[in-house]
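> From the sequence below, what's the structure:
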Amino acid sequence: MFESGLAIDVNPALQAAGERAFGIIRAAAERLAALAPPGLARPPALMMALHIWSMSHGVASLFARGDAARRKLPMSAEDLLEAEVLIYLRGLGFPTDRRKPAEDQKPAAPSGAPSGPPSGPWGTRST
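Numbering: from 1, shown residues only. Sure thing, here's the model as predicted:
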C-alpha cells in the first residue's frame, strides 16, 4: 500500500484505504486498553496501535521484497506477526495463554482447511 510509488497526498483512495487500515488497528488497541487487567501499567491505546502498526510494516517489508536481499524465513508472515504481537502483549502484562479447547468443543474445520498439526506460534493455528 505504501511502497507503491504513488504519492498518498494526491491519491484520496489510497489515503482513505490507509486510514481505514490504521483505524482497525487503533480500534483493536483501544479495546485491548479497555480490557487491561486492573493496575496494569501500559502505554496509551494510540501508542499501542502505533507499535502494532510498526510491527506489521516490518513483517510486510520482510516478506514483500522482490530482490535478492529477501531473507528466507521459516514461517509465514501471518505466523511471524501473530508471534510478535503475542510477545508484545505478554510484555505489557496481558494474559496470552492460548490453550486448546477440549476435543469435544473443537469447531469443525472448514472445507479446504489445512489438515495436520497447527502451524501458528507456539503450536496454535490462527484463524
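
> Would you mind listing where the chain has pLDDT under the threshold?
Along the chain, the parts satisfying pLDDT under 70 run over 1-4, 66-69, 98-127.

> longest helix of it?
helix 12-35 (DSSP state H).

> Return the set of buried residues in that helix.
Residues of helix 12-35 classed as buried under the neighbour-count rule (16 or more other C-beta atoms under 10 Å) are Leu14, Ile25, Arg26, Ala29, Leu32, Ala33. The way it works is simple: take the backbone N, C-alpha and C, and place the C-beta from them, glycine included.

> distance of Leu46 from Ala13?
Using C-beta to C-beta, to the nearest Å, we find Leu46 at a distance of 25 Å from Ala13.

> and if you look at Leu6?
Distance from Leu6 to Ala13, by C-beta to C-beta: 10 Å.

> picking that back up, immediately after the longest helix of the chain, which helix or strand?
helix 45-64 (DSSP states H and E).

> In that next one, which residues are buried?
Ala45, Met48, Ala49, Leu50, His51, Ile52, Met55, Ser56, Val59.

> State the helix or strand in which the nearest residue to the fifth one once chain neighbours are set aside lies.
Spatially, and ignoring its direct neighbours in sequence, His51 is nearest to Tyr88 (6.5 Å; C-beta to C-beta, 6 or more residues apart in numbering). Using DSSP H and E, Tyr88 sits in helix 77-91.

> I'd like the distance from that helix to the chain centre, please.
7 Å (C-alpha atoms, centre = their mean, to the nearest Å).

> Please apply the same query to stretch 53-67.
Distance, centroid of stretch 53-67 to centroid of chain: 12 Å (C-alpha atoms, centre = their mean).

> Now tell me what touches it from outside.
By C-beta atoms under 8 Å, 6 or more residues apart in numbering, the surrounding residues in contact with stretch 53-67 are 2-3, 22, 25, 70-71, 73, 77, 80-81, 84-85, 88.

> can you rerun that using 6 Å?
Contacting residues not belonging to stretch 53-67 are listed as Ile25, Ala77, Leu80, Leu81, Glu84 [C-beta atoms under 6 Å, 6 or more residues apart in numbering].
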